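In: After the sequence you'll find the predicted model.
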Amino acid sequence: MPIDYQPLLLTFKLALITTIGLVVIGIPIAALLAQSRSRLKSVVEALVSMPLVLPPSVLGFYLLLSFSPAHFLGHTLQSVFNLRLVFSFSGLVIGSMIYSLPFMVHPVQGGLESLPASLREASYTLGKSKTETFFKVLLPNIKPALITGIVLTFAHTLGEFGLVLMIGGNLPGVTRVASIAIYDAAESLDFHAANVYSAILLVISFITLLVVYLVNKHLAKKRLAI
Amino acid sequence: MIRINIRKKLNTGGPSPGLIIDTEIADHSFTALYGPSGAGKTSILRILTGLMQPEEGMIEVDGETWFNSQRKINLPPQKRNAGLVFQDYALFPNMSVKENLLFASAQKDAELLQQMLRITGLTEFQDQKPHLLSGGQKQRVALARALMRKPALLLLDEPLSALDQQTRIQLRQELRQLHQENNLTTLLVSHDKPEIYTLADQVISIDKGTIIRSGTFAEVFGSAPSNALTLRGEVLRINQTLTNYTADILTGDQIMTIPLTRDLAKTLVPGEKVTLTFQLDGTVIQKLS
């Protein structure tokens, strides 16, 4: 039986969109947390880190409930935006973004916190706004942390299973990602397909992580990292 | 003219009344802020630049109000025309020397850039990243970068403390020259008396958050000319011959042999700290209590 590569393509599409989404919302969250001295900081930090300790099925269960048209959020999204998040690809993207949030926020926040405060202050005394300081001084000096965040988010999304199963199900071409396809193939005793999917995921995950460590080592050598 | 009159609580613990500063700094003067660590010197620089906010008071620079708690004026650091040279230089590691300097110039003034690079002797290093520079070169970049904004007030936070002796002496001269050529008003935080003596024409001495003395170097440090020289040292060895006693004493990195009376020789032990006073009419050695 020929192998269906669609689940793999779907997995990479999901990982890519999730990573782009988290660059856009995860970096500002990390920046706010790195600078904040508010008492709420710990609460937000705990919330961001929740996906690290919760079983994905718990997260998936609550997302399933809230996305369901029978409940307020799902109903509003469906009636106002005609957006259905259960058993759909957009639902998977939102779920994955929540699930991988700590993998983007933690390295970037750590990178920003380890920069000497004097860099930011020097930029302010040279007349530069907070935004300009952030993009021209702070971000360029935490490249290793940024790369780590981006790659970990991508790699982590590749391996998602429980959450997808809960809110996405197993719709070919829509929500059947590689991890689900492996489970499905093994269940139906199609070990050849399961083997191919698993091996590809294994190799790609290893290569992705290897690239992070090599790049960070190179950057540390060039001492772009401080 | 710079007028400062501020109060600020300091988180140093203890019953400290905090920082209470009321002083004026004349235009184009080179003023040193002197005092022990924790006296509040760096806090004053941070308050002047707007990186730290006093509870009450006012700061006025050349007639422009930078801070006034009653009138609720508090210019952000970006709007205060002050150049601060940080103790750790705070050079941007992602930018070359040239880029660091140009970053500070809103108009990207290429002519000023070349002038600054020339004055600080950095022209040939302009394309290097800061981590490749020596301490003295980093300090020059930090200084040149602060000057790129043509500040009304130049603030230096122990700028030479991390450098070796030779570089320090050379940079002192350059600082003095830059100050004069650019008609700057400069405020220098330092606890190095030779540095203050060679650079500053006014000294403000601070302890525990308040000004304890201000004026010229002589007025603040009371260095009336004296005919005696006092050194501190450590007894290394007591030598006894048939007729007299001497002590080998280490001062700095020199060992001196000083004659002793018999009585003193009996009471001194190696390792003891002493002062040596050399006067025109003889040497006096005394135990440090």
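Out: Structure's in. What do you need?
In: tell me the average confidence for the host helix or strand of residue B:100?
Out: For residue B:100, the element it lies in under DSSP states H and E is helix B:97-104. Helix B:97-104 carries an average pLDDT of 94.
In: how about low-confidence regions in chain B?
Out: Applying pLDDT under 70 to chain B picks out residues B:11-16, B:223-226, B:288-289.
In: Same question for chain A.
Out: For chain A, counting by pLDDT under 70, the residues that fall below are A:1, A:222-226.
In: redo that, cut-off 80
Out: A:1-3, A:220-226 (pLDDT under 80).
In: what packs against the top helix by length along it?
Out: Ranked by residue count and defined by DSSP state H, the top helix of chain A is helix A:191-222. For helix A:191-222, the packing partners by 3 or more CB pairs under 8 Å, 6 or more residues apart in numbering or on different chains; DSSP states H and E come out as helix A:6-35, helix A:143-158, helix A:178-187. C-beta coordinates here come from the backbone N, C-alpha and C atoms, glycine included.
In: let's see 6 Å
Out: Packed against helix A:191-222 by the contact rule (3 or more CB pairs under 6 Å, 6 or more residues apart in numbering or on different chains; DSSP states H and E) you find helix A:143-158, helix A:178-187.
In: send the alpha carbons of the first one over as PDB?
Out: Once side chains and other backbone atoms are set aside, the C-alpha atoms of helix A:143-158 remain, and they are given as PDB (Å, rounded to 0.1, in the frame of the first residue of the first chain):
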ATOM      1  CA  LYS A 143      19.700  35.800  18.900                       C
ATOM      2  CA  PRO A 144      20.500  32.500  20.600                       C
ATOM      3  CA  ALA A 145      17.400  32.700  22.800                       C
ATOM      4  CA  LEU A 146      15.200  33.700  19.800                       C
ATOM      5  CA  ILE A 147      16.500  30.800  17.700                       C
ATOM      6  CA  THR A 148      16.000  28.400  20.600                       C
ATOM      7  CA  GLY A 149      12.400  29.600  21.100                       C
ATOM      8  CA  ILE A 150      11.500  29.400  17.500                       C
ATOM      9  CA  VAL A 151      13.000  25.900  16.900                       C
ATOM     10  CA  LEU A 152      11.700  24.400  20.200                       C
ATOM     11  CA  THR A 153       8.200  25.700  19.300                       C
ATOM     12  CA  PHE A 154       8.400  24.100  15.900                       C
ATOM     13  CA  ALA A 155       9.800  20.800  17.100                       C
ATOM     14  CA  HIS A 156       7.300  20.600  20.000                       C
ATOM     15  CA  THR A 157       4.400  21.200  17.700                       C
ATOM     16  CA  LEU A 158       5.600  18.400  15.400                       C
END
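In: contact partners of the next helix or strand after that helix?
Out: Sequence-wise, the next helix or strand downstream of helix A:143-158 (DSSP H and E) is helix A:162-167. By CB atoms under 6 Å, 6 or more residues apart in numbering or on different chains, the surrounding residues in contact with helix A:162-167 are A:56, A:57, A:59, A:60, A:61, A:63, A:64, A:91, A:95, A:99, A:177, A:180.
In: If we use 8 Å, what do you get?
Out: Contact with helix A:162-167 is made by A:55-57, A:59-61, A:63-64, A:67, A:85-87, A:91-92, A:95-96, A:99, A:175, A:177, A:179-180, A:183, as judged by CB atoms under 8 Å, 6 or more residues apart in numbering or on different chains.
In: Give the PyMOL command for selecting the buried subset of those residues.
Out: Selection of buried members from those for PyMOL, criterion 16 or more other CB atoms under 10 Å in any protein chain shown:
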select buried, chain A and resi 56+59+60+63+64+67+85+86+87+91+92+95+96+99+175+177+179+180+183
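In: Okay, and which of the contacts of helix A:162-167 map to helices?
Out: Counting by DSSP H, the contacts of helix A:162-167 place A:56-57, A:59-61, A:63-64, A:67, A:91-92, A:95-96, A:99, A:179-180, A:183 in helices.
In: now, the most widely separated pair of those residues?
Out: Spanning the widest gap among the ones in helices among the contacts of helix A:162-167 are A:67 and A:183, at 21.9 Å by CB to CB.
In: Reformat the helices and strands packed on helix A:191-222 into CSV and put distance to chain B next to each item.
Out: Below are the helices and strands packed on helix A:191-222 laid out as CSV (distance: least, CB to the nearest CB, whole Å):
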stretch, distance to chain B
helix A:143-158, 8
helix A:178-187, 38
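In: just to revisit the earlier point, and the helix holding residue B:100, how far from the chain's centre?
Out: Relative to its chain's centre, helix B:97-104 lies at 25 Å (CA atoms, centre = their mean, to the nearest Å).
In: cool, stretch A:67-77 as well?
Out: Centroid separation for stretch A:67-77 versus its chain: 24 Å, with CA atoms, centre = their mean.
In: Do me a favour and get the end-to-end distance for that stretch?
Out: 8 Å (CA to CA, to the nearest Å).
In: for chain B, longest helix please?
Out: Per DSSP H, chain B has its longest helix at helix B:165-181.
In: and residue A:176, what does it touch?
Out: Under the criterion of CB under 8 Å, 6+ apart, the neighbours of residue A:176 are A:6, A:7, A:10, A:170, A:184.
In: Can you tell me how far it is from residue B:136?
Out: Using CB to CB, to the nearest Å, residue A:176 is found at 64 Å from residue B:136.
In: so what's residue B:31 bridging to?
Out: Beta-bridge pairing of residue B:31 under DSSP bridges involves residue B:187, residue B:202.
In: What is the neighbour count of it?
Out: 21 (other CB atoms under 10 Å in any protein chain shown).
In: and the gap between it and residue B:5?
Out: According to CB to CB, residue B:31 and residue B:5 sit 16 Å apart.
In: Kindly report the same for residue B:272.
Out: According to CB to CB, residue B:272 and residue B:5 sit 48 Å apart.
In: And for residue A:162?
Out: Distance of residue A:162 to residue B:5, computed by CB to CB: 64 Å.
In: Then residue A:159?
Out: Applying CB to CB, the value for residue A:159 to residue B:5 is 62 Å.
In: coming back round to it: can you tell me which of the ones in helices among the contacts of helix A:162-167 is nearest residue B:157?
Out: For the ones in helices among the contacts of helix A:162-167, the nearest to residue B:157 is residue A:99 (45.8 Å; CB to CB).
In: okay, now residue B:246: neighbour count?
Out: Using other CB under 10 Å, residue B:246 has 16 other residues around it.
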